[in-house]
Structure formats: structure tokens, C-alpha cells
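[1] Structural data only, the sequence is not supplied:
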């Protein structure tokens, strides 16, 4: 069974940085398109970024372009989300999700989801 586990969340001041990690395990021969999503209190979950199986294509929400960078290390079965210049409005639970699709989209029809990691941006 596929497992998706996020880590790296925490409390950071505005303007600071965090790096989230997402490890996908359970089927050693497969690679997945990975998406990062977030849900702020009282809001719907939204797509943040995604990356295709071998990292050839990425996509970002307009709200994070130029500040967030997604990357992956398939040898470690890990996808990273580097978040710089963080703003209070980035505060949310961040979720990682895996899909067998070849294309990378910010829609939420991913098959496997993690439990989320809290990111709080506050002074």
C-alpha cells in the first residue's frame, strides 16, 4: 500500500523560509506525479505546486510563483517544497499527494494523500 508522509512544517516569521518534504513509499518500482496543496482555516483546499515523475515539468499557483520551488530526488523517493519569503497568508496545513497521471495539474484528483503538516507564518 502506498504511503505519503509530509514533514518540515513549523512556525516561521514573515519573510522567513521553510522546506517541506514528502516521502512516497510502498511501491519501489513506481514513480508518481506529486502535488502540494494547502488548506487555511475557514478556506477550501487549494493547489500550490506540482511536479511530474522525473521532474521535467512543474506548475505553481500564482500566489506562490517566484517564492516557492518544487523539486524531487527519486533516489530518496522525496519531493521538496522550498518556501521562501513566507507571508502570513501562507499559513495553512500543507498536504502532499501522489498521482499516477503523467501530467502535473493543481486539480485535486490525486489518488493518495498524506496527513498534512502545519505551516504557521507569524511574528
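    Yes, it's here. Everything numeric in this text was worked out from a predicted model, so none of it was measured.
[2] which stretch of helix or strand covers the residue nearest to the spatial centre of the chain?
    In the chain, the C-alpha nearest the mean C-alpha coordinate belongs to residue 36, at 2.6 Å (C-alpha atoms, centre = their mean). According to DSSP states H and E, residue 36 maps onto strand 33-39.
[3] got the residue ranges for the strands in this structure?
    Taking DSSP state E as the test, the strands found in the chain are 3-7, 10-12, 18-25, 33-39, 46-51, 58-60, 68-73, 78-83, 92-99, 112-113, 117-121.
[4] and those strands as JSON lines, adding mean pLDDT and distance to residue 106?
    All C-beta spots, glycine's among them, are computed from the backbone N, C-alpha and C. Shown next, in JSON lines, are those (pLDDT from 0 to 100; distance: least, C-beta to C-beta, whole Å):
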{"stretch": "strand 3-7", "mean pLDDT": "95", "distance to residue 106": "17"}
{"stretch": "strand 10-12", "mean pLDDT": "98", "distance to residue 106": "23"}
{"stretch": "strand 18-25", "mean pLDDT": "96", "distance to residue 106": "15"}
{"stretch": "strand 33-39", "mean pLDDT": "97", "distance to residue 106": "7"}
{"stretch": "strand 46-51", "mean pLDDT": "98", "distance to residue 106": "3"}
{"stretch": "strand 58-60", "mean pLDDT": "98", "distance to residue 106": "6"}
{"stretch": "strand 68-73", "mean pLDDT": "97", "distance to residue 106": "11"}
{"stretch": "strand 78-83", "mean pLDDT": "97", "distance to residue 106": "13"}
{"stretch": "strand 92-99", "mean pLDDT": "97", "distance to residue 106": "11"}
{"stretch": "strand 112-113", "mean pLDDT": "95", "distance to residue 106": "14"}
{"stretch": "strand 117-121", "mean pLDDT": "98", "distance to residue 106": "18"}
